[in-house]
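J.: Task: produce atomic coordinates for the following.
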Amino acid sequence: DGWPCDSARHADDAADLLRALGLAGAAEGAGTPGRRADIFGASAGGIVAVQLALRHPELVRRVLVFEPGYLRLSESGRALASGFAQSLDQHLFSHPDDWAGAMAAGFTGLLDVPEGLGWYAERGNALAENFIRGDIPLTAETVNADALAGSRVDIRFACGSDSPSAFRDIADELTRLRRRPGSADPERPDVVDGAGHLVYFTPEPVASYIRRRLT
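T.: Predicted coordinates:
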């Protein structure tokens, strides 16, 4: 209900889901800490993961955030956002409700499907309206820098070695905002070798990264 919505609503829904599935929340006995989940989020899902950590810290232990789409955080991100917004608007003005066509026009190069994974293109086209109306508006949000710096949750940002530079710039800035004086917070984001922005196109290096960080 209420979709499209902002990342705070998505984070609250995720928190409800974690509790409902018994993956996080209520303690088993008096004086026992509640269960906490490890979270991975990428792109627009990375924005939701950050919000989950900030809004529901009692539910999460460690949050791995891969290239969250906070495009306003860097000059290169703002340029990327401006380019695809213009292309989307132009296409939808000429072809109302052609969501798949708008996605193809607005994200040439970024959403290209590797050889042998053509079924992803079909799935992407089927979800194009969700992507444009639901995910893209999240990239206009900003992060609460004070809340990020003050969070007690273990939050780590990462980017792919094969990703556009805009996403590396965003990960750099978020890592800088997160780093607390005198802490062991990293100075630079993690780099996942062999991964691009769309993590489902390179699942093995991303899965290896997750396993390494959660060990």
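J.: Only C-alpha atoms from now on, for both contacts and neighbour counts.
T.: OK.
J.: residues in contact with the helix or strand containing residue 206?
T.: Assigned by DSSP states H and E, residue 206 falls within helix 203-214. Applying C-alpha atoms under 8 Å, 6 or more residues apart in numbering, the contact partners of helix 203-214 are 38, 40, 62, 64, 192, 193, 194, 195, 199.
J.: try 7 Å
T.: Outside helix 203-214, the residues that touch it by C-alpha atoms under 7 Å, 6 or more residues apart in numbering are 192, 193, 194, 195, 199.
J.: my guess is residue 36 meets residue 61, correct?
T.: Yes - with contact defined as C-alpha atoms under 7 Å, residue 36 counts as touching residue 61 (5.3 Å).
J.: Those two: which has the busier surroundings?
T.: More crowded of residue 36 and residue 61, by other C-alpha atoms under 10 Å: residue 36, with 20 against 17.
J.: pLDDT score assigned to the spatially most central residue of the chain?
T.: Most central in the chain under C-alpha atoms, centre = their mean is residue 46, positioned 1.8 Å from the mean C-alpha point. What the model reports for residue 46 is a pLDDT of 97.
J.: ok, for it, nearest residue in space, not its chain neighbours?
T.: Of all residues not flanking residue 46 in the chain, residue 68 sits nearest, at 4.3 Å (C-alpha to C-alpha, 6 or more residues apart in numbering).
J.: The one you found: neighbouring residues, count only.
T.: Residue 68 is flanked by 27 other residues according to other C-alpha under 10 Å.
J.: swap in the one 4 residues further on?
T.: Burial measure for residue 72: 18 neighbouring residues, criterion other C-alpha under 10 Å.
J.: contacting residues around it?
T.: Applying C-alpha under 7 Å, 6+ apart, the residues near residue 72 are 78, 140, 142.
J.: just residue 25 next, same as before
T.: Residue 25 neighbours (C-alpha under 7 Å, 6+ apart): 19, 34, 35, 36, 59.
J.: could I get those as TSV with pLDDT, distance to residue 213 and secondary structure?
T.: As requested, those are arranged in TSV below (pLDDT from 0 to 100; distance: C-alpha to C-alpha, whole Å; DSSP: H, G, I helix; E, B strand; the rest coil):
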residue	pLDDT	distance to residue 213	secondary structure
19	95	24	helix
34	84	22	coil
35	90	19	coil
36	95	16	coil
59	96	18	helix
